[in-house]
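S.K.: pasted the sequence and its predicted model underneath.
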Amino acid sequence: MKFERVLKVYAAVMGINFVAFVIVAMWLGDDAINGHSGNGHYYVCAHGSCLEVSHAIFTYSWWHAFSV
């Protein structure tokens, strides 16, 4: 019984994390996994289109994509 409750909570957290990831990726244009960095510039990219972002946003996006 307790294990099932833990699994339900874990599934809910995973679902919320996924939805948050999709919303942020849509807002940014994509995520850092598909982006690149160089010479102090950081880009999130999707389908050949890139958007320059700050190091903090790039790092956040990379970790959030990794967590999904």
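M.R.: Ah, there it is.

S.K.: ok, longest helix in this structure?
M.R.: helix 2-28 (DSSP state H).

S.K.: average pLDDT across it?
M.R.: Averaging pLDDT along helix 2-28 gives 92.

S.K.: in that helix, which residues are buried?
M.R.: Residues 21, 24, 25, 28 are the ones in helix 2-28 that count as buried (16 or more other CB atoms under 10 Å). For every residue, glycine as well, the C-beta is placed using N, CA and C.

S.K.: equivalent analysis for stretch 45-53, please.
M.R.: Quick answer for stretch 45-53 (16+ other CB under 10 Å): 45, 50, 53.

S.K.: looking at the residues you listed, which are in strands?
M.R.: 45, 50, 53 (DSSP state E).

S.K.: please name the bridge partners of the first one.
M.R.: Spelled out, it's residue 45. On the basis of DSSP bridges, residue 45 is bridged to residue 31, residue 50.

S.K.: which ones are touching it?
M.R.: Neighbouring residues of residue 45 by CB atoms under 8 Å, 6 or more residues apart in numbering: 29, 30, 34, 35, 36, 51.

S.K.: SS state for the fifth one?
M.R.: Classification of residue 36 using DSSP: H, G, I helix; E, B strand; the rest coil returns strand.

S.K.: for the residue nearest to it when sequence neighbours are not counted, phi and psi?
M.R.: Of all residues not flanking residue 36 in the chain, residue 43 sits nearest, at 5.6 Å (CB to CB, 6 or more residues apart in numbering). Backbone geometry at residue 43, expressed as degrees, to the nearest 10, gives phi -130, psi 140.
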